[in-house]
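In: My questions are about this predicted structure, shown below with the sequence.
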Amino acid sequence: MTDAEIPRQLDAFTLWREAVDMRSRSRLGGFYYLFAWLLVWGFSAAPMANWPAGLGLGLLFGLTLALRWLHDLPTSHDPDLLRHWMKRRWQLIHFTSLAWGLVQAWVLLDEAYRDTRLIATLSTIAFSTAMVSTFAMNRRCCALAILLLYLPGLISLSRDDGNLGELVTLTFYFSYLLLALNRSHTDYHGNLALELQLIEQRDRLDTLSRTDSLTQLGNRYQFNNLFPSMVAAAQRQRGSLALVLLDIDYFKHVNDNFGHTAGDLCLQHFAERMRQVFRRDSDALLRLGGEEFGVLMPDTSLEQAQSLAESFRQNLIHRGFEVQGRTLPLTASLGVGCFEPGQDSAESFFKRVDDALYKAKATGRDRMVLASYASAQ
Ligand SMILES: Nc1nc2c(ncn2[C@@H]2O[C@H](COP(=O)(O)OP(=O)(O)OP(=O)(O)O)[C@@H](O)[C@H]2O)c(=O)[nH]1
């Protein structure tokens, strides 16, 4: 999953994160149940005499291990699918817990496993302790898994008064685990909220670093990222990509005659006017520096770009800019070009359009010049 695909809403993020954590954290667990059973069986008094149980339970835990590996996350992040996946995963975990709980209960009762009771009990304690820190995302399901691990063993122990000490100790530890689970659960969800905050903060910083603070258009850094990737896409798909470069004419005069604040206002109005004319969602509007702007338009022919650029220029002439109670006349020079797949590189394309802009300036300003491919030859 790419960074951009990670859900940004708390509910969706929590669901997705829980599923990912469940998947990664429960994969190895199946192995420990199998291993613990092989120890309990292998070190018992006569494992060969009990080979059907050894083999049968070995296969059972082996099967749950395989199921955990095979049960992969859905490729779509549809909440219903994720919820369904989590339900199945918990069922698998509960099944393994119950199977182990019953194994322990049986081992405690069967004399053949007298020598390995301690291994079984220690394993139960280890599994339940691991659960508290690993599966705290869902308190109820985790508590049920711990209960399934413990209850059969506790019932077994309660059948014989001689086991009272063990019974009390395990019950005490069981209640401690439930308390610890509460804390782990709070920590887990606290960490998720924090993680989401960090992701959002990073998003905000990322946006800020790509945005010109005065006009709220993309900045030069954004252009440097976008331009090569849009050119590459146009090259790959043999699609059209248009670039318009705009430079306000004699902007220095605005600053000199009306002050820097009026100049800033003009730049903001200019950007707003760009948004009104270059309106397609796929258009990228950028301030490349000072009073120079750019528009990248994917899937746009030279004729379409030319017509939009010209209407923008006309718009400036006819409407001027309202700044500090007066209308300032302002014009711009524009260079317009379209990427030629197979003939252009990103650099040559930009240079052609930049040359056209230069030509518009050099031949009197307030005009639009087309960057024909021939002009680069
Ligand atoms: N107010 C304001 N002025 C800026 C900003 N960035 C650049 N400028 C000014 O823009 C002016 C650009 O001047 P020039 O490069 O000579 O361009 P021009 O006066 O527009 O002349 P031509 O482009 O040749 O038509 C300078 O006076 C800069 O100080 C800004 O963010 N705010």
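Out: That came in fine, so what should we check first? Numbers count the residues shown, from 1 in each chain.
In: what residues go with each domain of this protein?
Out: The chain resolves into domains spanning 3-205, 220-376 when parsed by automatic domain parsing.
In: Mind checking the ones you listed for the one nearest to T211?
Out: For T211, the closest of the domains of the chain is domain 220-376, at 7.3 Å, according to CB to CB. C-beta here means a position set from N, CA and C on the backbone, and glycine is covered the same way.
In: Phi first, then psi, for whatever residue of the stretch 151-300 of the chain ends up closest to the ligand.
Out: Relative to the ligand, the nearest point of the stretch 151-300 of the chain is G263 (2.6 Å; CB to the nearest ligand atom). When quoted as degrees, to the nearest 10, the phi and psi of G263 stand at phi -60, psi -40.
In: just to revisit the earlier point, reformat the domains of the chain into a markdown table and put distance to S213 next to each item.
Out: Below are those laid out as a markdown table (distance: least, CB to CB, whole Å):
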| stretch | distance to S213 |
| --- | --- |
| domain 3-205 | 13 |
| domain 220-376 | 10 |
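In: May I see those domains arranged in a markdown table, with mean neighbour count as well?
Out: Shown next, in a markdown table, are the domains of the chain (neighbours: other CB atoms under 10 Å):
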| stretch | mean neighbour count |
| --- | --- |
| domain 3-205 | 16 |
| domain 220-376 | 17 |
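In: Save those as TSV, and put in mean pLDDT and distance to D212 too.
Out: Shown next, in TSV, are the domains of the chain (pLDDT from 0 to 100; distance: least, CB to CB, whole Å):
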stretch	mean pLDDT	distance to D212
domain 3-205	93	15
domain 220-376	93	4
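In: in what helix or strand does the residue nearest to the residue of the stretch 151-300 of the chain closest to the ligand when sequence neighbours are not counted lie?
Out: Nearest residue to G263, sequence neighbours excluded (CB to CB, 6 or more residues apart in numbering): N255, at 4.2 Å. Take DSSP states H and E as the rule and N255 turns out to sit in helix 251-258.
In: elements contacting that helix?
Out: Applying 3 or more CB pairs under 8 Å, 6 or more residues apart in numbering; DSSP states H and E, we find helix 251-258 packed against helix 260-277.
In: quick one: the helix it packs on to chain centroid distance?
Out: Mean-position distance between helix 260-277 and its chain equals 35 Å (CA atoms, centre = their mean, to the nearest Å).
In: Could you do stretch 111-126 as well?
Out: Centroid separation between stretch 111-126 and its chain, computed with CA atoms, centre = their mean, is 44 Å.
In: With stretch 290-303 instead?
Out: Distance of stretch 290-303 from its chain centroid, counting by CA atoms, centre = their mean, is 30 Å.
In: what's the span of that stretch, first residue to last?
Out: Length of stretch 290-303, first residue to last, CA to CA, to the nearest Å: 28 Å.
In: That one and the ligand, are they touching?
Out: Yes: with CB under 6 Å from any ligand atom as the measure, stretch 290-303 is seen reaching the ligand through 290-291.
In: Contact residues of this structure facing the ligand?
Out: Counting by CB under 6 Å from any ligand atom, the chain sits next to the ligand at 214, 247-252, 255, 260, 263-264, 267, 290-291, 361, 365.
In: contact partners of the strand or helix carrying N224?
Out: Following DSSP H and E, one finds N224 within helix 220-237. The set of residues external to helix 220-237 that reach it, using CB atoms under 8 Å, 6 or more residues apart in numbering, is 209-211, 218, 239-241, 284, 286-289, 294, 296, 298, 339, 341-342, 344-346, 349-350.
In: Same check on stretch 285-299?
Out: Applying CB under 8 Å, 6+ apart, the external contacts of stretch 285-299 come out as 212, 214-215, 217-220, 222-223, 226-227, 230, 233-234, 239-248, 251, 267, 270-271, 274-275, 278, 280, 282-284, 304-305, 308.
In: rewinding a little: enumerate every residue touching the residue of the stretch 151-300 of the chain closest to the ligand.
Out: Counting by CB under 8 Å, 6+ apart, G263 touches 251, 254-255.
In: on contacts alone, who are the packing partners of the longest helix seen in the chain?
Out: The longest helix of the chain (DSSP state H) is helix 164-210. Counting contacts by 3+ CB pairs under 8 Å, 6+ apart, helix 164-210 packs against helix 10-27, helix 117-134, helix 139-158, helix 220-237.
In: didn't L82 look like it was pressed against T75?
Out: No: using CB atoms under 8 Å, L82 is not in contact with T75; the gap is 11.0 Å.
In: Give the residues shared as contacts by the two.
Out: Common contact partners of L82 and T75 (CB under 8 Å, 6+ apart): none.
In: Phi, psi for L370 please.
Out: The phi/psi pair for L370 (degrees, to the nearest 10) is phi -90, psi 140.
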